[in-house]
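Fold the following and give me the result.
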Amino acid sequence: MADIVIEHHPDEARLAALGVRSWPIWTKEESEFPWTYDEPETCYFLAGRVVVTPRGGRPVEVGEGDLVTFPKGMTCTWKVHKAVRKHYRFG
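Here you go, the predicted model:
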C-alpha cells in the first residue's frame with residue numbers, strides 16, 4: 001500500500017498550481033475516529049494538529065502548513081489534538 005505523502009510548508013506557487021484555495025474546507029474539533037479512504041485525498045492544513053495512524057503502520061503527525069496526500073484503500077485512526085481546518089480534494 002502507498003504511504004502518506006507530506007509536503008511541509010509548500011510555497012504559494014505550488015498551492016496555486018494545484019488550485020488548493022478553491023477546494024472545499026473541512027473542520028473538526030478535538031476528537032478521535034476511524035477512517036478508510038475509498039479514494040485518494042489531498043489536503044492542505046490551514047490550522048490544527050493531527051496524528052494519523054494507518055492500520056499496521058506508524059503514526060504520522062501533520063498540521064498547519066502541511067500539504068498531505070492519503071492513499072486510496074488506507075484504513076487509519078485520526079486523533080485530532082488541535083482543531084482542524086483544511087482544504088481538501090478527493091480523487
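
my guess is Thr36 contacts Thr77, does it?
No. When contacts are counted by CB atoms under 8 Å, Thr36 is not listed as touching Thr77 (10.5 Å). Where C-beta positions appear, they are placed from N, C-alpha and C, glycine not excepted.

who has more neighbours, the two?
For Thr36 versus Thr77, the count of surrounding residues by other CB atoms under 10 Å is larger for Thr77: 14 against 10.

host element of the more buried one?
Here Thr77 sits within strand 75-90, counting by DSSP states H and E.

Next, the buried residues of the helix or strand containing Val68.
Assigning secondary structure by DSSP H and E places Val68 in strand 66-70. The neighbour-count check on strand 66-70 (16 or more other CB atoms under 10 Å) flags Asp66, Leu67, Val68, Phe70 as buried.

Asp3 and Val51, how far apart?
As judged by CB to CB, to the nearest Å, Asp3 and Val51 stand 16 Å apart.

and what of Ala16?
29 Å.

Those two: which is more packed in?
The neighbour comparison of Ala16 against Val51 (other CB under 10 Å) goes to Val51, with 16 against 11.

average pLDDT across the helix or strand that one falls within?
Using DSSP H and E, the element containing Val51 is strand 41-54. Averaged across strand 41-54, pLDDT comes to 98.
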